[in-house]
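**Q** Structure for the following, please:
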Amino acid sequence: MSAGSRVTQDWIVGLTVTSEVAEDSERAPSIPELEAAAASEPSDLETLKTLAEAYRISGDFDAALDAWEKVLAVNPAYQRGLSRLVAVGARGSMEWRRIWRAVRELEPLKKGSSPYRNPALRRQLDALFVGDHLTGPQPSAEEAASIVETLEEMGQNGRHLKPTTVTLVLMRLQFAGHFSLGFRLRMLSQQRRIAQNFMKPPGEDLSALRNLLKALVYTGSPETAAQLSRMQHWTKDDPQAQQRLQKMHADALLMAGRAEPYCAYAESVRGQAPLPGEDRMAELVTGQRVAVVGPADTGDRLGELIDSYDVVVRPRYQPEFLAAHPETMGSRTDIAYYSGFDMDQFLTQAEEAVDRGDLQLVNARPFTHATHAHLGHPWLRFYRQDYSLCPAGGQLGIQRMTYDLLQFRPAEIAIFNSDFYTGSQMFTAGWRPQDRFGPESHINDIVAAHDIRFDFAFTQALMKTGTVTAQGRAAEVLAMSVPEYEAAVEAAGVLR
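**A** Got it, this is the predicted structure:
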């Protein structure tokens with residue numbers, strides 16, 4: 001595992017101390033240095049992998065795609081490289097034919113009988129990946145359903161595509177608007193993972209166990225996942241593994257509507273390795289009524305209600321936007337959560353707002369620590385952990401913020417101005433450019449790096465804790481069943 005990968009994983013479970021992160025970041029070579037090393041030794045697999053990851057983290061997905069192709073040319077059996085190639089291709093160029101070519105070449109090498117060996121299915125899949133997102137034909141609902149039904153039927157007979165191939169197929173279907181069918185494929189993959197573990201238990205492989213727990217949670221068995229995580233006695237002499245298991249156990253129970261184990265775990269970790277900004281976060285949130293306000297145009301006019309909460313939390317500090325929409329958005333921001341992009345673009349504005357007393361705290365993603373921690377701002381907190389059992393990537397903004405806030409035991413977290421992609425447009429005008437799926441669009445991440453079905457179910461689970469509530473359109477959507485929600489996303493068409 002590379003230093004960068006180790007730091008990211010340690011932050012998730014709350015083990016890394018600030019000085020360790022800074023030390024690792026100082027040792028990390030720059031992209032030009034990695035490019036020079038790769039040019040001098042083009043078959044050095046580790047250098048190519050590190051370069052590909054550096055491109056991905058920097059957001060240069062096309063360069064990352066090129067680099068992962070080179071990795072696979074050196075080692076065609078490197079499955080993680082293939083999954084990375086699929087992810088960066090979907091987030092960047094969306095050249096479906098090119099991405100499919102890399103996956104298709106390896107699929108027939110799969111041991112056993114791959115469904116791809118079926119001529120009819122092979123023709124269907126080849127047709128699915130013609131051209132790019134802008135010029136290629138989009139699969140109809142009938143064509144998409146035929147592919148999924150064929151894969152389900154073959155799966156019942158023990159014939160399965162490789163997991164990376166399934167992921168690519170489901171992403172392609174969802175980018176074309178067939179979300180329910182994509183979720184069916186992910187459910188099929190997770191059910192298969194559970195079945196495989198009955199034949200080959202994960203034993204002492206913590207990563208394999210985590211994948212099993214993810215599958216159990218996704219398929220609706222969080223209590224079983226919690227029981228499995230509690231039964232792993234082999235970790236008693238490995239404090240790091242034990243702590244990761246505790247985190248997964250707490251997260252599984254959270255999906256069952258039980259928040260106390262997660263809150264207790266987070267409090268323990270903060271006590272073991274306190275980080276800057278956490279005391280301030282506790283002062284602001286503990287015991288308070290907190291409004292988490294999204295940027296969606298829901299039609300709600302709840303600005304006055306938002307302002308009545310003790311603490312108002314938003315993804316970003318954007319005063320001009322609020323000034324233009326006080327009736328719907330409210331008027332203040334006490335705590336802002338910044339993505340990596342927001343940190344680069346708006347941190348100076350946040351600093352000025354803190355100096356004026358208009359903003360109290362900024363929470364930043366852990367991967368931005370290496371770039372910004374040296375500033376030493378007392379109002380800048382790098383939160384240390386995300387939910388550990390997501391089936392695909394991480395969680396989107398509303399869920400990530402709510403999850404982080406919950407550990408500080410607020411009296412209430414109320415969600416405002418979120419329709420969970422069931423509305424007529426992505427954001428309220430003026431928040432961000434109204435973007436659509438397409439080459440290099442940041443909106444691609446919604447499919448390429450997330451699972452909105454799981455985020456929806458996760459939010460419903462948080463509401464069962466008794467701490468999280470929802471207002472307006474958010475409450476209406478969260479009252480839906482999962483099938484109703486999937487149908488609403490497809491009918492809205494905002495994710496196209």
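
**Q** who touches the residue nearest the centre of the chain in this structure?
**A** In the chain, the centroid-proximal residue (C-alpha atoms, centre = their mean) is Gly394; its distance is 1.9 Å. Contacts for Gly394 (C-beta atoms under 8 Å, 6 or more residues apart in numbering) come out as Asp386, Tyr387, Arg400, Ala449, His450. Glycine gets a C-beta too; all of them are placed from N, C-alpha and C.

**Q** From Asp445, how far out is it?
**A** For Gly394, the distance to Asp445 (C-beta to C-beta, to the nearest Å) stands at 10 Å.

**Q** Can you tell me which helices and strands the top helix by length along the chain packs against?
**A** If you go by DSSP state H, the chain has its longest helix at helix 179-199. Under the contact criterion of 3 or more C-beta pairs under 8 Å, 6 or more residues apart in numbering; DSSP states H and E, helix 179-199 touches helix 141-156, helix 163-175, helix 206-218, helix 452-464, helix 482-492.

**Q** Could you identify which of those is most buried?
**A** Among those, helix 163-175 has the highest mean neighbour count (mean count of other C-beta atoms under 10 Å), at a mean of 24.

**Q** Relative to the whole chain's centre, how far out is that one?
**A** Distance of helix 163-175 from the chain centroid (C-alpha atoms, centre = their mean, to the nearest Å) equals 16 Å.

**Q** quick revisit: of all the helices and strands packed on helix 179-199, which lies closest to Glu267?
**A** Of all the helices and strands packed on helix 179-199, helix 452-464 sits nearest to Glu267, with 18.0 Å by C-beta to C-beta.

**Q** Helix 206-218 and the closest one, what's the angle between them?
**A** 80 degrees (axes from the mean of the first three to the mean of the last three C-alpha atoms, to 10 degrees).

**Q** following helix 452-464, which helix or strand comes up?
**A** Per DSSP states H and E, the first helix or strand lying C-terminal to helix 452-464 is strand 468-470.

**Q** Which elements pack onto that next one?
**A** Using 3+ C-beta pairs under 8 Å, 6+ apart as the contact test, the elements touching strand 468-470 are strand 412-416, helix 452-464.

**Q** Okay, now the sheet partners of the shortest one, with direction.
**A** Within its sheet, and counting by DSSP bridges, strand 412-416 is paired with strand 289-293 (parallel), strand 468-470 (parallel).

**Q** from those strands, which stretch is densest packed?
**A** Ranked by mean neighbour count, the strands paired with strand 412-416 are led by strand 289-293 with a mean of 24 (mean count of other C-beta under 10 Å).

**Q** distance between it and the chain's centre?
**A** Taking C-alpha atoms, centre = their mean, one finds strand 289-293 lying 22 Å from the centre of the chain it belongs to.

**Q** what does stretch 91-106 give?
**A** Relative to the chain's own centre, stretch 91-106 is displaced by 22 Å; criterion: C-alpha atoms, centre = their mean.

**Q** returning to that earlier point: give me the angle between the longest helix of the chain and helix 163-175.
**A** Using the same axes, to 10 degrees: helix 179-199 against helix 163-175 is 160 degrees.

**Q** still on that earlier bit, can you list the helices and strands packed on strand 468-470 in TSV and add mean pLDDT and distance to Asp344?
**A** Shown next, in TSV, are the helices and strands packed on strand 468-470 (pLDDT from 0 to 100; distance: least, C-beta to C-beta, whole Å):
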stretch	mean pLDDT	distance to Asp344
strand 412-416	98	27
helix 452-464	98	25
